[in-house]
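Engineer: need the 3D shape of this:
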Amino acid sequence: MPSSFAALLRRAWEELKTTNPGLPGLPPLRLPTVTKPHLLTPPPLSLCKTGVLVVLGQRGSGKSTLVNRIIRRSNRVVVLDTLAEHYAAARPVALAELRGYLEQPTYRVSVVPQDYSEFETACDGVALRRSFVYVVDELDFWVANAAGHDTPRGLLEMVRYGRHRDQRLVLVARRPAAVPRELTSQAALAVFRSREPRDAEYLRAFGAGDLDLGALNIGEYYLIDETVRRYTNR
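Structural biologist: Sure thing, here's the model as predicted:
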């Protein structure tokens, strides 16, 4: 996958340059791209080898539609519903009630954290659970309001080791650069429309090549994994 492969290759190249100063810089990596969009069924989470999908794009670009498809196709899912937008797909519950639902054979529940402490508690409280989907909506909001806090230990645990527990992780944000690299290094990316040049630059550093994110229609996105392919929610 480009995010992890490109990062590892660049890191190895930089290490070589420390002992071989004459080496040139590593040229931009370019992956094959399918430009004609088509509907991906099932949604891309099932195709992610690491089980981590980062969904990126400006507000109104179609992210929530994709996330709701993932939620409805999952029998065991917890949503950190920052803006309370997914209540139709996942039943709203209080944070104190969450543990009880996790004991049930199937569940689709959402929690709206009231502050960073509750966000952290919600992540840590599910990190060791098996066989479920964990959705964090508006992740960039929590990163911006971390106020000196580290990324929740439970969230890092799921990113790094979740595939061994059959966990699937969906992280949703508006801006690629707002998501810490420690969370994207092993992820596939579903990138929706954006007109911010820095977003394209950020993705280029991941080995995705030159993507015209502003040309995407609402509901269209690039899935960046071992290749770069263009899909639509419709």
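
Engineer: so which residues of the protein form helices?
Structural biologist: Using DSSP state H, the helices of the chain run over 2-19, 63-72, 98-102, 116-126, 139-144, 153-161, 181-184, 197-205.

Engineer: measure how buried Arg129 is and give me the count.
Structural biologist: Residues lying near Arg129 (other Cβ atoms under 10 Å) number 19. Heads up, the C-betas are built off the backbone N, CA and C, glycines and all.

Engineer: ditto for Arg230
Structural biologist: Arg230: 18 neighbours (other Cβ under 10 Å).

Engineer: and the spatially most central residue of the chain, what pLDDT?
Structural biologist: With distances taken as Cα atoms, centre = their mean, the chain has Val54 as the residue nearest its mean C-alpha position (1.5 Å). With respect to pLDDT, Val54 scores 93.

Engineer: that one contacts Gln186, correct?
Structural biologist: No: taking contacts as Cβ atoms under 8 Å, Val54 lies outside contact range of Gln186: 10.0 Å.

Engineer: one step back: how about the helices of the chain in a markdown table, adding mean pLDDT?
Structural biologist: Below are the helices of the chain laid out as a markdown table (pLDDT from 0 to 100):
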| stretch | mean pLDDT |
| --- | --- |
| helix 2-19 | 57 |
| helix 63-72 | 92 |
| helix 98-102 | 94 |
| helix 116-126 | 94 |
| helix 139-144 | 89 |
| helix 153-161 | 93 |
| helix 181-184 | 86 |
| helix 197-205 | 82 |
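
Engineer: could the ones you listed go into a markdown table alongside mean neighbour count and distance to Ala215?
Structural biologist: Shown next, in a markdown table, are the helices of the chain (neighbours: other Cβ atoms under 10 Å; distance: least, Cβ to Cβ, whole Å):
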| stretch | mean neighbour count | distance to Ala215 |
| --- | --- | --- |
| helix 2-19 | 14 | 20 |
| helix 63-72 | 20 | 17 |
| helix 98-102 | 14 | 41 |
| helix 116-126 | 18 | 34 |
| helix 139-144 | 19 | 23 |
| helix 153-161 | 19 | 31 |
| helix 181-184 | 17 | 23 |
| helix 197-205 | 17 | 11 |
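
Engineer: number of nearby residues for the closest residue to Ala187 other than its chain neighbours?
Structural biologist: Spatially, and ignoring its direct neighbours in sequence, Ala187 is nearest to Val52 (4.1 Å; Cβ to Cβ, 6 or more residues apart in numbering). By other Cβ under 10 Å, the residues close to Val52 number 28.

Engineer: Asp81 - how many residues pack around it?
Structural biologist: 23.

Engineer: what's near enough to touch it?
Structural biologist: 87, 90, 92, 110-112, 137 (Cβ atoms under 8 Å, 6 or more residues apart in numbering).

Engineer: what subset of the residues you listed is buried?
Structural biologist: Of the members of the contacts of Asp81, the ones counted as buried by neighbours, 16 or more other Cβ atoms under 10 Å, are 90, 110-112, 137.

Engineer: of the residues you listed, closest to Thr151?
Structural biologist: For the buried ones among the contacts of Asp81, the residue nearest Thr151 by Cβ to Cβ is Asp137; the value is 16.3 Å.

Engineer: was I right to think that closest one contacts Tyr87?
Structural biologist: No: counting by Cβ under 8 Å, Asp137 does not reach Tyr87; the two are 11.5 Å apart.

Engineer: what is the residue nearest to Ala187 paired to in the beta sheet?
Structural biologist: Here Val52 shows beta-bridge partners Leu169, assigned using DSSP bridges.

Engineer: which two of the contacts of Asp81 have the greatest separation?
Structural biologist: Pro92 and Asp137 (12.9 Å).
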